[in-house]
Each structure stands twice: as C-alpha cells, then as structure tokens.
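In: Provide a 3D model corresponding to the input given below.
(one chain, ligands or ions: 2)
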Amino acid sequence: MALVESSINLEVGKVNPDLQKERDGASFNPNDMTLVLLGGPKRAQHRREVVRQLFSDPVFNQEMRYSQSKTERYDQAMHQSIRLAEYMIEKGWTDKEMQTAAVALHYDLATAVHAVMFVPTILRLATPEQQAEWLPQAASFKMIGTYAQTELGHGTNLKALETTATYDRSSECFIMNTPLPSGMKWWPGGLGKSTTHALVTANLIVDGQSHGFQVFLVQLRDVETFEELPGIEVGDIGPRISVSVTDNGYLIMRNVKIPRNNMLSKYCTVTSEGKFLRQEGTAKSNYGTMMMVRASIVDLAFQNTSQAVTIATRYGAVRRQSELKPGAKEPQIIDFVTQQYKLIPNIALAYGLHFTKEYMLSYYHQVFEEEIQKGVYDSVPELHSQSCGLKAYCTDLSMDTVEVCRRSCGGHGFMMASGLCSLLMDGLGSVTYEGENTVLYLQTARFLMKNYAAAMQGGRTARSLAFLTANHPTCELLDVFNLPQLQAVFDVRAKFMLECGAVRMSESLKNGRQQYEAWNENSVELVRASKAYLDSFTAVNFMKRVSTLDIKPELKDVLMKLCRLHALHRIVSSAEEFLQSMAINTKQLEDIRSAEIKLLASLRPDAVALVDSFDYHDQTLNSALGRYDGNVYEKMYDLTKRNPMNEQSVHPAIHKYLKPFQAKARL
Ligand SMILES: CCCCCCCC(=O)SCCNC(=O)CCNC(=O)[C@H](O)C(C)(C)COP(=O)(O)OP(=O)(O)OC[C@H]1O[C@@H](n2cnc3c(N)ncnc32)[C@H](O)[C@@H]1OP(=O)(O)O
Ligand SMILES: Cc1cc2nc3c(=O)[nH]c(=O)nc-3n(C[C@H](O)[C@H](O)[C@H](O)COP(=O)(O)OP(=O)(O)OC[C@H]3O[C@@H](n4cnc5c(N)ncnc54)[C@H](O)[C@@H]3O)c2cc1C
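Out: Numbering: from 1, shown residues only. Ligands and ions are numbered 1, 2, ... in the order given. Purely as a prediction, here's the structure:
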C-alpha cells in the first residue's frame, strides 16, 4: 500500500500501469488544480479529512450498495443519518462538515430533505421565537421534517394547490384539510417513513377569504412511537425509477388542528382576532426556499458531471480494445478520437459547471445574506431568473453527460458496479424536482423578454444582460481561440435568439392574440432563447473566471484550453443558431470544428490528471471502472464473487421448479 498524501484516496495499492503512465505524463500536478477548485490548501485539507474520516467508518461503507434491496438500503440510509448526528455530538461536526459528508454520500440519507429543505425553510421563514422553539428539536432529531408542497394534482402550478388551512378563531388554531384525491401531498422526500413533521404549504383561509399559500408546521407522527397522529394518513408512494433510498411519500390530513403559532410568520401572520398581516414587499417570500434549493442543484449538477467524467476517463485509460495501428498492441480506448470526443468536451463542461456553481452560490448568498437582510429586493428577479435557468440548463447537460459517459464504457457501463447507472437514475430526478425544467426555462424567458423590451426602449437591463445593449459587429471571429471574440459570438447569438422570441411575441399580439395565447404559441422559441442566454452566460462566466485566476502557468494553460474547448463545443452543438444569427459563417464553423479536434489532441495527455483533480474518494464514486488505482477487472471479479446471486452454487429455484418437472417428465 502506498500513501498518497496529495489525493483524497490515502492508501492506494499497485496502480494499473496505463493509468500510472497517464499520471506521469501530465503537464501539471493534479493536487495543485484541486487546491484551485476547492479554494486553497486549508479548505482542501479540511474536505479530505472529513471525507476520509467518514469512509473509515464501516457504517458509511458503500461497497455492497448495488446489491442491497430497497429495505436494506433504507436501513443503511437511516443508520448513516443517525451516525452523522452522532458525529455532531461526538466530533463537534457543524453544518459545514455535514454538508461535505452529505455530498460525499450523494445525499443517500433518510433525512436528506430534513437537512436540505426543512431546516433551511425554518431559518428563512420562521420568526426568531419559532426558530428558538423548533431548531433545537430539529438539530437533535426529536423533530425530523420534510417539505410538503407538491400535490397529486398539482406540482408546478402553486396557485392551484388545494390543501387548506382554515383559521378557527374560537380555538386559535388552523384546521388542515386535504381535498381528495388531487389535493393529497405527493412526493415529499422522507414523508413515507422517516419524518415526524412536515412543512406543509396550504391555502390560508380566514373568514372564507383566501390569502394564497402559506407554510405551516404540521406534526405527522408521535415522536416516541412514530405512529400516525389522529387525522393524519401517510405512506410511501411506491417504486420509482431511481434506486435511491428516499422514501418519497403521500399525506392526507382530515381536520387536523394545529396551533396558530405553527404558521411560519417571519413575513406574514394571522393575529388571534383573525387579521392577516403581511410585511410590504414580501409577496414572494414563500418562494425563497425554492430559489435556495435551485441554486444548490446547480452544484449537484456539477457533482454528477464531474463524477461521471472521472469514472469514464479513468476507464478509458485502463481499457484496451480493438486495433488502431495494424498489428500493434490493442490501444487504450481513450486513444480513439471518437472516444476523446465523448470524454474531453465533457471534462471541459465539468470545469465550466464548477465555475457556474461557484457563481450561482455566491450570487445567492450575496442577495440573501446581504441585500435582502437590509430590505433591498432589487436583485431578486434576476436571482430568480438565473436560479431557475441555471438549474434547468445545468441538470439537462449533466444528465446528457452521465449517459454519454455510461455508453462510453461499453457493456460494463450497463453494470451497477460502473457507478454510472446510479448517477444516471438518481440524477434524473433533478430535471423534474424543484421545478420541471421546461417550466423553469420559461420563467427565465419571462425575465429575458422584459429586459429585452427595456433595452429596446433605451432603458436599463439587469447585470447579466448587458450584452443586449452592446454593439457587436457580426462575423468578427478572426481567431477561433480568441476569448473576447468568442464571447462576442455567444452574445450575438443570444441577442438574436432573444430578438426572435420578442419579434414573434409582438407579431402574435399584433395578430390579435391575448398575451397568454401569444406566450403559449411562441413558447418553443422562448425556451430556445433562454437556453441561448444560459449557454452564453455559462461559457462567458467560464472564460472570465479563468482569465482572472492568478495561478501557476501550467494550470492556467490547461484551464484556458478547457474554456476554449467548452466554447467551441457549445457552438458546434447549436451550430444552426450561430449560423442563423450570423454570429459565425460556414467557413468559421469549419474552422471551429477543426480547432475542436486539435484541442482534443492537446488535452488528451492531461485527461486523467484533469479528472483526478476533482479529488473524489473511491467510495463516493463507488465504481469498479473509475477506481483511483485503475484495477478494474480485479474489482469487478471481487464484487461478482460477493454478489448474493452467487452465494449458493445451485439456486433453490432449480430444486423448486426444474427438478420436479424433470422428475415428472421422466415418468
Ligand atoms: C438534494 C435535492 C433535494 C431536492 C428535493 C426536491 C424538493 C421539491 O421538489 S419541492 C417542490 C418544488 N416545487 C416547485 O419548484 C414548483 C415549481 N413552480 C413554481 O416555482 C411556480 O409556480 C412558478 C415559478 C412556475 C410560477 O409562479 P407563479 O407565482 O405561479 O406564477 P408567475 O405568474 O409565473 O410568477 C409571478 C411572479 O413571481 C415571480 N416569481 C416566481 N417564483 C419566484 C421566486 N422563487 N422568487 C422570486 N420571484 C418569483 C415571477 O418572476 C413573476 O414575476 P413578474 O410578475 O414580475 O414577472
Ligand atoms: C425525485 C423527486 C423528488 C421530489 N421531492 C419533492 C419534495 O421533497 N417536496 C415536494 O413538495 N415535491 C417534491 N417533488 C415534486 C416536484 O417538485 C414536482 O414533480 C415538480 O415540481 C414538477 O411538477 P409536476 O410533477 O406537477 O409536473 P407537471 O407540471 O405536471 O409537468 C408535466 C408536463 O407539463 C409541462 N408543463 C406544466 N406546466 C407548464 C407550463 N406552465 N408551461 C409549459 N409546460 C408546462 C411540463 O413541462 C411537463 O412536460 C419531487 C419530485 C421528484 C421526481
């Protein structure tokens, strides 16, 4: 066993020689790149220590995960949740360590929604008194909660939610009711078996008048026995595409009384006399949790993408197949240019998503922690638009990448042991939850159209839309590697696509359509406009971030290549829009395609080092194909020997069905 201090995988056995050769030939030290990605040595060291501690505890061992039944996995997920809670007491772990641990475990915890949504919503929407009462209970798991918003009949359309909270003045309580069947809460994570409480969104009704949806803390189960309380019916909604452990559940409430204090009242409240009061300017405050979670899903998209490329790239270096040079040894599959085209642009994307999630999280914190606390709401529309758009754009791209990586591993990519199937199946939820992606692109489009109209009338635009008023000449791409010129190309295309959406909208309106009809008629174009803007925003953010990094020249050099490749690849992926907008001409497209292939060759020697830099622990990847030591075949055989199907040499079904039949047939 060798000690690898510069990797999260501390003890590594003999490394596969092909993988070692890749590492020896890299142009930079991956440890240096890790420090750039993680924000310096202190943070990187802290993350390594937390993750190493985590995986040195057998409770968190992931190795048999793919052979476990749903019940066994739930058992382990609950065990993991409780062990982490113990760490808070025993090791003094704080939210920071818990967050690192949750990411390393792919949120495979029975209490994930408790941590990701329940507690943060209380922090954002509850008064200081409510927080003082509930947060200590939540921290000690006396109260385990979920976020119950979606209903069987409605998820997207929050205005149509049916659950009611009717104020009863005589008892100073709200009476919670579920209209059946479409008003049943459906989907909340952990609701099925794991939670004692839920933050339930419901229409507040006072004296027969509705005040829109508000958030209420409802106790579901007895905290000692975990039995349902009177008037409550909860359960798991049944098998889902993902093998994830989360017990997504349903909830029915029949005349459930909760105290008046259980309405989260930081921004609005109901007085004991039944008067509804709301602080001015806080109409969308109840939507705040969604913005926060959407921003963090951009990070999740980065995690999924970078893990998938790590697995597929290491495997690409280890796997030898077919013939390249006639008569020579089988090549590493990563030497096929078509294989490089599957992997290297996606490595570039993973780096691009890294800088996107850094931007998204920091913008979210700036607006929430600094501006809103001071009563400044000016940036909220842009934050809403970007958190919707980037959540959709990044999860869409990340799921495409995971599938490309899975296929790039050939047959072995179809095995759970690849680690890629679970990344795909668990990740797929991200394009739907926290706002279905098409719906979110259209939210972004709404903001874009408003800004476009403002720009055309000589007004001010939001920060991220300054390109609308910039004057870019067309076809100015003289050098396909020149970043400012590439940025101009993206801006021209995005502006053109926004213009297409706006022109179509105004034509529909001129033709007598109502606003809502025009919107629906042109919604395909509007989604295109959003995607063009997000493509541009992400590529330009990547270029700007890399250009301003003050780092070792060899790191800068490889990052510059990556952001160029990312930009070129995005242009090729939507070539017709770039051509149509005259941001480029056909000759330039040809040059871009050639430049892309040249960049593949230039980045090929660094491919393994680039994915090593993400510094994933083997247990997080949980992949026989993507192991740090590259001993793929040994690990696959080892796992197969321990596969429960191989526990008995003759399966009981043989004796149960085949043998009796054979005996009868002999007669
Ligand atoms: C590890 C990860 C675990 C993840 C677990 C997943 C948990 C979940 O899925 S929880 C459930 C999530 N549910 C959703 O996301 C529902 C999606 N739907 C919505 O968000 C809304 O209904 C939405 C945005 C589509 C439409 O909002 P709605 O108010 O009905 O209509 P709309 O008329 O379009 O918007 C009104 C205004 O509010 C603004 N607005 C909407 N949402 C927000 C927001 N979050 N913040 C600020 N402003 C907002 C709009 O921009 C619009 O502004 P303007 O009028 O100035 O243009
Ligand atoms: C794995 C998972 C976990 C979840 N966890 C939770 C949770 O913890 N708590 C919770 O409350 N919810 C949760 N949800 C629910 C989730 O938030 C909703 O499923 C999601 O918001 C989408 O809503 P929907 O299911 O109603 O889809 P629908 O809105 O019915 O979407 C169906 C189709 O209609 C289209 N569509 C709908 N409206 C429009 C529109 N205005 N314009 C154009 N097209 C439209 C969509 O694009 C889509 O193609 C979870 C869902 C999943 C899959």
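
In: number of nearby residues for the nearest residue to residue 249 once chain neighbours are set aside?
Out: Distance criterion C-beta to C-beta, 6 or more residues apart in numbering; nearest residue to residue 249, sequence neighbours excluded, is residue 191 at 2.9 Å. C-betas here are computed from N, CA, C, even on glycine. By the measure other C-beta atoms under 10 Å, the count of residues near residue 191 is 27.

In: got it, and residue 169?
Out: 14.

In: pretty sure it contacts residue 274?
Out: Yes - Residue 169 is within contact range of residue 274, at 4.9 Å (criterion: C-beta atoms under 8 Å).

In: now the helices for the stretch 51-200 of the chain?
Out: Secondary structure of the stretch 51-200 of the chain (DSSP state H, counting those that start in this stretch): helices located at 70-90, 95-104, 112-113, 119-125, 128-139.

In: Name the SS class of residue 365, please.
Out: The three-state assignment at residue 365 reads helix, by DSSP: H, G, I helix; E, B strand; the rest coil.

In: How many residues are close by it?
Out: The number of residues packed near residue 365 is 12, by other C-beta under 10 Å.

In: what sits against the residue nearest to residue 249?
Out: 146, 148, 185, 198, 220, 234, 247-251 (C-beta atoms under 8 Å, 6 or more residues apart in numbering).

In: what's the distance between it and ligand 1?
Out: Here residue 191 is placed at a distance of 11 Å from ligand 1 (C-beta to the nearest ligand atom, to the nearest Å).

In: ok, residue 559 to ligand 2 distance?
Out: 34 Å.

In: List the buried residues for stretch 61-78?
Out: Using 16 or more other C-beta atoms under 10 Å as the test for burial, stretch 61-78 gives 62, 65-66, 68, 73-74, 76-78.

In: Residue 250 belongs to a helix, doesn't it?
Out: No - secondary structure of residue 250 (three-state DSSP): strand, not part of a helix.

In: Mind listing the residues bridging to it?
Out: Beta-bridge partners for residue 250, by DSSP bridges, are residue 186, residue 235.

In: For it, give its distance to residue 234.
Out: Computed with C-beta to C-beta, to the nearest Å, the distance linking residue 250 and residue 234 is 7 Å.

In: Tell me the residues that contact both of those two, please.
Out: Overlap of the contact sets of residue 250 and residue 234 (by C-beta under 8 Å, 6+ apart) consists of 191-192.

In: so how many other residues sit close to residue 524?
Out: By other C-beta under 10 Å, the residues close to residue 524 number 11.

In: Any part of the host helix or strand of it near ligand 1?
Out: Applying DSSP states H and E as the criterion places residue 524 in helix 523-548. No - Helix 523-548 is not in contact with ligand 1 by C-beta under 6 Å from any ligand atom; minimum separation 12.6 Å.

In: ok, now stretch 364-383?
Out: Yes - applying C-beta under 6 Å from any ligand atom, one finds stretch 364-383 touching ligand 1 at 380-381.

In: quick one, which of the helices of the stretch 51-200 of the chain is nearest to residue 306?
Out: Closest of these to residue 306 is helix 95-104, at 11.3 Å (criterion: C-beta to C-beta).

In: what's residue 14 in contact with, if anything?
Out: Contacts for residue 14 (C-beta under 8 Å, 6+ apart) come out as 629, 631.

In: just checking, it is part of a helix?
Out: No - Residue 14 is assigned coil when assessed by three-state DSSP, not a helix.

In: any idea how far ligand 2 is from it?
Out: Residue 14 is 40 Å from ligand 2, where distance means C-beta to the nearest ligand atom.

In: What pLDDT is listed against the residue nearest to residue 264 when sequence neighbours are not counted?
Out: Nearest non-adjacent residue to residue 264, counting by C-beta to C-beta, 6+ apart: residue 125, 4.0 Å away. Listed pLDDT for residue 125 reads 93.

In: about what we covered before: looking at the buried residues of stretch 61-78, which one is closest to residue 354?
Out: Checking those against residue 354 with C-beta to C-beta, the nearest one is residue 62 at 23.6 Å.

In: isn't that closest one right next to residue 619, touching?
Out: Yes - using C-beta under 8 Å, residue 62 makes contact with residue 619 at a distance of 4.9 Å.

In: what's the overlap in contacts for these two?
Out: Counting by C-beta under 8 Å, 6+ apart, nothing touches both residue 62 and residue 619.

In: And the residue of the stretch 101-250 of the chain found nearest ligand 2, how close does it get to ligand 1?
Out: Going by C-beta to the nearest ligand atom, ligand 2 is nearest to residue 155 of the stretch 101-250 of the chain, at 2.5 Å. Distance, residue 155 to ligand 1, by C-beta to the nearest ligand atom: 6 Å.

In: what sits against that residue?
Out: Counting by C-beta under 8 Å, 6+ apart, residue 155 touches 149, 187, 436.

In: Of those, which are in range of ligand 2?
Out: 149, 187, 436.

In: Buried ones only from these, please, as a ChimeraX command.
Out: The following ChimeraX line selects those of these that are buried, judged by 16+ other C-beta under 10 Å:
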select :149,187
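
In: could the ones next to ligand 2 among the contacts of residue 155 be laid out in a markdown table, adding pLDDT and distance to residue 56?
Out: Formatted as a markdown table, the ones next to ligand 2 among the contacts of residue 155 follow (pLDDT from 0 to 100; distance: C-beta to C-beta, whole Å):
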| residue | pLDDT | distance to residue 56 |
| --- | --- | --- |
| 149 | 97 | 38 |
| 187 | 97 | 35 |
| 436 | 98 | 40 |
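
In: My read is that residue 478 contacts residue 485, right?
Out: Yes - if you go by C-beta under 8 Å, residue 478 and residue 485 touch, sitting 6.5 Å apart.

In: Of these two, which one has the most company?
Out: Each of residue 478 and residue 485 has its neighbours counted (other C-beta under 10 Å); residue 485 has more, 14 against 9.
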